[in-house]
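Participant: Any chance you can model this:
(chains A, B, C and D)
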There are 2 protein chains.
Amino acid sequence: MAAHPARRRERLREATLAEIREAARGLLTTKGAAAVTVNAVAREIGMSGPALYHYFASHDDLVAAVTADFLHELTTALETARDAHATGSAADRLLATCRAMRHWATAHPAEFGWIFASPIPATASARRRPGTPRNQAGRDFELVFLRQIEELWAHRPFPVPEDLDPSVREQLRAYSATLGCDLPIEALHVALTCWIRLYGLLCMEVLNQLDFAYSDVGPIYEETLRDLAKMLDLEYRPPVPG
Amino acid sequence: MAAHPARRRERLREATLAEIREAARGLLTTKGAAAVTVNAVAREIGMSGPALYHYFASHDDLVAAVTADFLHELTTALETARDAHATGSAADRLLATCRAMRHWATAHPAEFGWIFASPIPATASARRRPGTPRNQAGRDFELVFLRQIEELWAHRPFPVPEDLDPSVREQLRAYSATLGCDLPIEALHVALTCWIRLYGLLCMEVLNQLDFAYSDVGPIYEETLRDLAKMLDLEYRPPVPG
DNA sequence: TAGATCTTTTAGAGCCTCTAAGGAAACATA
DNA sequence: TATGTTTCCTTAGAGGCTCTAAAAGATCTA
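Facilitator: Coordinates of the predicted model:
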């Protein structure tokens, strides 16, 4: 009947996989990370527990897949924000991208928190072994930022430090090699410094490490962006409301 | 026999409590956060599982107690480093304190990671409710840093921004009130900015969010310290080896 | 239509948290 | 010293979890 009868099961399988991931995400957002268990997810989609092991080899695998989904979505959000300012200045594009990151993070706190504080710290080792989708997704995510810095540098180099620590220089060289990146080591260092400040601030916010003092981190983030603009020799422009 | 016979059981109880906490820590460092279960801890000290519930009302309670222990130890490490430079300059004292923080964090990565990424994110809500020992310990920890900035400010004010965001100003006023702190709002803001950069960097390091580029974050931390010194108008001095 | 393959189910081992009920020790008091 | 109370620790067990094994049902291939 169908043009590709052999593909029917494949399609079904794909659909089930998607349903599982969605159910896992639903549990995460409604009941917290601890509620994302194999059994609970299976129950959610009307399946008995062990059946789910035909789709994911283990709970950790499920966690990794869901994490990759989040990273993809976040990456897409960044790219969308970037492309919305395709006609604007490079500075506007970068600021929009950075703002989109916090926007996604605060709109999806459970998901963002899950990315770096997945239930089991065993994920730390899982993150190390390269080649996994989870890993690739993390790389793609970082690259959205780095590629823009690269572009920036190509059009208008920003000031860089001259006296880089030898150890740092060595590490950056190794990283740069894996990156296929045209940025000089010094510029890459500035880029990573910016990244650390932004992403680190978000980490702290989402992990509730700032609520002892700040209930609204938005202005602090903007302030950090102002700093970044200065570092990258760009014109800072406040966000357009809405 | 004993001068205070009624205190004997109390002493025993205290000893058992300490033993439990130590066993929990041992499991954390040797087998990871997921291995710190009520049953496993009880087994470790030769006790049957449910017996432990006479000492801690729940697994969460045990987690909170252990977290408080870690924060205490970290706080003491900071204070020790500070007091070791009692005769030095305020700048040296602050730098030593900050370096002690990373030193403790990297010497005890499991413990430091546990502090802000405890197994169950339910701790996030547990951290909110004030008055708990865990909460007090967190406060004491932050205060070691803030008090030094306070002292610094008293002796030699550092430059502060004048155009603080109104929302930030309001939040800082509220925080300052709970603090019993002599720092003007603007100076408190600078202090928190410094804190966020340092502590945020450590968070990322311990959560393995930097290993994609850096295998040794030490120099990056030193660089951040140099930045802090500049912000606080202090003389940066590199660490003495050893 | 018969066989191979994929999907799902139930059963169950071995963990986990936490409650309930009872025994044993240590204390306080008459 | 004898008795009662408090504290500690035990076993039993409910209900949940991850994950394996075996078997049944559904679907595709030949």
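
Participant: What does the pLDDT read for A:V38?
Facilitator: Looking at A:V38, its pLDDT stands at 98.

Participant: On the pLDDT front, check the residue lying closest to A:Q209 once chain neighbours are set aside for me.
Facilitator: In space, and not counting its chain neighbours, A:Q209 is closest to B:F116: 5.6 Å by Cβ to Cβ, 6 or more residues apart in numbering or on different chains. For every residue, glycine as well, the C-beta is placed using N, CA and C. Note for B:F116: predicted pLDDT of 84.

Participant: Got the phi and psi for B:F116?
Facilitator: phi -110, psi -10 (degrees, to the nearest 10).

Participant: for it, what are its contacts?
Facilitator: Neighbouring residues of B:F116 by Cβ atoms under 8 Å, 6 or more residues apart in numbering or on different chains: A:207, A:209, B:203.

Participant: and what of A:F141?
Facilitator: Contacts for A:F141 were tallied using Cβ under 8 Å, 6+ apart; they are A:71, A:74-75, A:78.

Participant: who in chain A is up against DNA strand C?
Facilitator: Residues of chain A lying close to DNA strand C (Cβ under 7 Å from any atom of the strand) are A:9, A:12-13, A:16, A:42, A:46-51, A:54-55.

Participant: Mind telling me what element A:L95 is part of?
Facilitator: Element membership of A:L95 [criterion: DSSP states H and E] is helix A:90-107.

Participant: ditto for A:P241
Facilitator: Assigned by DSSP H and E, A:P241 belongs to no helix or strand.

Participant: What is the burial count for it?
Facilitator: Residues lying near A:P241 (other Cβ atoms under 10 Å in any protein chain shown) number 4.

Participant: Which pLDDT does the model give it?
Facilitator: 81.

Participant: do A:R11 as well
Facilitator: Looking at A:R11, the pLDDT reads 85.

Participant: Can you tell me the number of residues neighbouring the closest residue to A:Y53 other than its chain neighbours?
Facilitator: Using Cβ to Cβ, 6+ apart and skipping the chain neighbours, the partner closest in space to A:Y53 is A:V38 (7.4 Å). Using other Cβ under 10 Å, A:V38 is surrounded by 19 other residues.

Participant: and the gap between A:V38 and B:E10?
Facilitator: Distance, A:V38 to B:E10, by Cβ to Cβ, to the nearest Å: 45 Å.

Participant: Can I get stretch A:56-64 in CSV, CA atoms only?
Facilitator: What follows is the C-alpha trace of stretch A:56-64 in CSV, where atoms were taken according to Å, rounded to 0.1, in the frame of the first residue of the first chain:
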residue,chain,number,x,y,z
PHE,A,56,16.2,4.1,25.9
ALA,A,57,18.8,1.7,27.2
SER,A,58,18.8,3.3,30.7
HIS,A,59,17.6,6.1,32.8
ASP,A,60,20.8,8.0,32.1
ASP,A,61,20.3,7.6,28.4
LEU,A,62,16.8,9.1,28.7
VAL,A,63,18.3,12.0,30.7
ALA,A,64,21.0,12.6,28.1
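
Participant: Is that stretch in proximity to DNA strand D?
Facilitator: Yes - using Cβ under 7 Å from any atom of the strand, we find that stretch A:56-64 touches DNA strand D at A:57-60.

Participant: any residue of that stretch up close to chain B?
Facilitator: No - counting by Cβ under 8 Å from any Cβ of the partner chain, chain B has no neighbours in stretch A:56-64; the shortest distance is 10.8 Å.

Participant: what's the strand or helix carrying A:Y221 in contact with?
Facilitator: According to DSSP H and E, A:Y221 maps onto helix A:218-231. Residues outside helix A:218-231 that contact it (Cβ under 8 Å, 6+ apart) are A:91, A:95, A:98-99, A:102, A:158, A:190, A:193-194, A:197-198, A:201-202, A:210, A:214, A:234-236, A:238-239, B:165, B:167-168, B:193, B:196.

Participant: filter those to the buried ones?
Facilitator: A:91, A:95, A:98-99, A:102, A:158, A:190, A:193-194, A:197-198, A:201-202, A:210, A:214, A:234, B:165, B:168, B:193, B:196 (16 or more other Cβ atoms under 10 Å in any protein chain shown).
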